[in-house]
Structures are given as C-alpha cells and as structure tokens.
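Visitor: This is the structure alone, sequence omitted:
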C-alpha cells in the first residue's frame with residue numbers, strides 16, 4: 001500500500017514546521033506540489049526551501065500544473081466539484097507514478113490541512129475510486145488564523161465568547177447574528193461598506209513571512225486604507241494571502 005503524509009507547513013516561515021512535521025518529512029521519498037503559475041512562484045520556492053532544509057536523504061520534488069479553476073462561476077458548488085475532480089485525477093496519476101508499493105510521499109499544505117483546504121477531500125476521492133491502495137494521515141500545521149492572532153498579540157476570543165470562522169463569500173450578508181469575533185478567510189476582494197463601521201478589524205497579509213503586513217483599528221477608519229495597502233501589495237508581489245478578524249464593539253454589563 002502507498003502512503004501519503006499530508007503535512008501542514010504554516011504560513012510562510014519554515015520555522016513554523018512542528019517537530020512532528022520534520023520527522024514526517026524525513027521519511028518521504030517524493031513531495032508533490034501543484035504549481036499555481038509564475039505570479040505565485042514564492043509559494044513554490046518556500047516549499048522547496050523546506051524540503052532542502054528538512055529532508056536529509058535523496059527525494060523527488062514532483063511539480064505539476066494546478067488545474068484551471070473558474071474564479072467567478074455562475075454555480076460555485078459545481079465549479080468547485082469540477083476543480084476537485086480534476087485535482088483528484090492529477091494527484092492519482094502522480095502518486096501512482098512516483099510512489100511505489102510500500103513507499104511514502106508527502107503533500108505540503110500551506111497553513112493546516114484541516115482548515116479551508118481541499119487536499120483531504122481530494123485524497124478521499126482517490127481512495128473512494130479504489131484504483132490505488134492508498135493510506136494517508138495528517139500532520140497539523142500553524143494556520144493563518146493563529147499567525148494573525150500572534151501578529152496582533154491578541155486572543156481570538158473574548159472571555160467566554162465564541163469565535164466564528166467563515167469565508168469572504170459567506171460574509172456577503174455580514175457576520176452572523178450575535179457574532180462576537182468573526183475570522184474571515186479566502187476573501188479575494190474584501191469589501192467593508194456593508195459592514196458595521198464600528199467593528200474592530202485585525203487584518204494581516206503574508207503572515208509569518210518577512211513581507212508581513214498588519215493593520216488594525218475601527219473598520220470605518222481603516223477599511224479604505226486596508227483595501228489600498230492590499231491592492232498595492234498584490235501588485236508588488238503578484239499574489240496575496242490575507243486573513244482578518246472582525247470584533248463587535250464591547251458592551252457594558254447588562255443591568256435589570
């Protein structure tokens with residue numbers, strides 16, 4: 001049976017790797033990476049640096065072009081389904097070719113494999129097809145959510161308060177009712193004009209990297225600046241990964 005280690009590598013700093021992740025890398029014979037194009041070459045470079053630093057024996061760094069994805073689909077669920085199917089077919093062919101029976105390969109996942117990442121769903125598809133005898137496990141990593149909180153030196157939650165994690169797409173109608181702290185991920189074009197301007201925002205881009213950018217303040221005061229800084233950074237680097245926390249204004253203790 002072939003084995004795949006799905007390894008969370010943090011948000012851009014090689015020192016985000018846990019000792020468990022380092023030990024997992026020491027056993028792999030092939031590392032699979034999907035190339036997202038020249039504009040995101042940094043993401044490929046960082047994965048190479050991690051492998052060169054932490055894999056002590058000969059290994060194969062297997063690159064493949066990531067299947068195209070419709071970023072503005074009429075049917076979002078159908079578009080994601082098609083993209084996952086294409087990725088599953090690609091990974092299945094690569095694993096069959098590069099990982100022999102009884103051998104071990106790895107997929108390096110930005111952040112953590114269990115939070116808004118498709119890799120585990122892709123591997124589930126491959127196993128369900130039944131063509132390859134394949135097992136896999138997960139090595140957790142530092143998420144952008146953790147790196148955001150660390151960068152701003154805050155706790156995600158208030159005392160006894162909940163934390164809601166969602167996506168930019170799901171935030172179109174605003175935070176859920178009675179939300180206290182809302183973390184927003186995968187927001188390709190953050191727009192804040194439909195949100196309460198009295199929310200506090202903690203925003204971060206390139207978290208954990210030398211290029212890290214942090215901004216915080218009352219949303220009505222800093223929202224436009226964040227959009228400007230984000231656009232400038234994206235133009236400068238050719239890509240951007242960012243995350244933000246929205247926090248409701250504090251209210252005083254309830255009285256009868």
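Guide: Structure received. What you see is a predicted model; the values in this text were computed from it and never measured.

Visitor: Residue 202 looks like it's in a strand, true?
Guide: Yes - under DSSP: H, G, I helix; E, B strand; the rest coil, residue 202 sits within a strand.

Visitor: Could you check how far stretch 123-142 is from the centre of its chain?
Guide: 19 Å (C-alpha atoms, centre = their mean, to the nearest Å).

Visitor: any idea of the mean pLDDT for that stretch?
Guide: Stretch 123-142 carries an average pLDDT of 95.

Visitor: now stretch 159-177
Guide: What stretch 159-177 shows for mean pLDDT is 88.

Visitor: what's in contact with it?
Guide: 76, 115-116, 145, 156-157, 179-190, 194-196, 199, 246, 248 (C-beta atoms under 8 Å, 6 or more residues apart in numbering). All C-beta atoms are positioned from the backbone trio N, CA, C, and that covers glycine.

Visitor: again, but for stretch 48-62
Guide: By C-beta under 8 Å, 6+ apart, the residues outside stretch 48-62 that reach it are 9, 14, 17, 21-22, 25-26, 28-33, 94, 98, 108.

Visitor: Could I get the full set of helices for the stretch 101-250 of the chain?
Guide: 119-129, 144-152, 219-237 (DSSP state H, counting those that start in this stretch).

Visitor: and the ones you listed, which is most packed in?
Guide: For the helices of the stretch 101-250 of the chain, the largest average neighbour count (mean count of other C-beta atoms under 10 Å) is found in helix 144-152, namely a mean of 21.

Visitor: I'd like to know which elements it is packed against.
Guide: If you count contacts as 3 or more C-beta pairs under 8 Å, 6 or more residues apart in numbering; DSSP states H and E, helix 144-152 packs onto strand 181-185, strand 200-205, strand 213-218, strand 242-247.

Visitor: Just put those in a markdown table and tack on mean pLDDT, mean neighbour count and distance to residue 50.
Guide: Listed next are the helices and strands packed on helix 144-152 as a markdown table, based on pLDDT from 0 to 100; neighbours: other C-beta atoms under 10 Å; distance: least, C-beta to C-beta, whole Å:
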| stretch | mean pLDDT | mean neighbour count | distance to residue 50 |
| --- | --- | --- | --- |
| strand 181-185 | 95 | 22 | 22 |
| strand 200-205 | 98 | 23 | 21 |
| strand 213-218 | 98 | 16 | 23 |
| strand 242-247 | 97 | 24 | 21 |
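
Visitor: export these to CSV and tack on distance to residue 66?
Guide: Compiled in CSV, the helices and strands packed on helix 144-152 are given as follows (distance: least, C-beta to C-beta, whole Å):
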stretch, distance to residue 66
strand 181-185, 19
strand 200-205, 21
strand 213-218, 25
strand 242-247, 20
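
Visitor: Residue 127 is nearest to which of those strands?
Guide: strand 181-185 (26.5 Å; C-beta to C-beta).

Visitor: Quickly run through the sheet partners of the closest one, with directions.
Guide: Looking at strand 181-185 with DSSP bridges, its partner strands are strand 163-167 (parallel), strand 242-247 (antiparallel).

Visitor: residues touching the closest residue to residue 141 other than its chain neighbours, list them.
Guide: The shortest distance from residue 141 to any non-neighbouring residue, by C-beta to C-beta, 6 or more residues apart in numbering, is to residue 8 (1.9 Å). Applying C-beta under 8 Å, 6+ apart, we find residue 8 in contact with 21, 109, 111, 112, 113, 138, 139, 140, 141, 142, 143.

Visitor: Hmm, residue 119 and the third one touching each other?
Guide: No - contact between residue 111 and residue 119 fails when scored by C-beta atoms under 8 Å: they sit 10.9 Å apart.

Visitor: returning to that earlier point: include distance to residue 236 when you put the contacts of residue 8 into a markdown table, please.
Guide: Formatted as a markdown table, the contacts of residue 8 follow (distance: C-beta to C-beta, whole Å):
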| residue | distance to residue 236 |
| --- | --- |
| 21 | 30 |
| 109 | 25 |
| 111 | 22 |
| 112 | 27 |
| 113 | 29 |
| 138 | 34 |
| 139 | 32 |
| 140 | 31 |
| 141 | 26 |
| 142 | 25 |
| 143 | 25 |
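
Visitor: Understood, closing this out.
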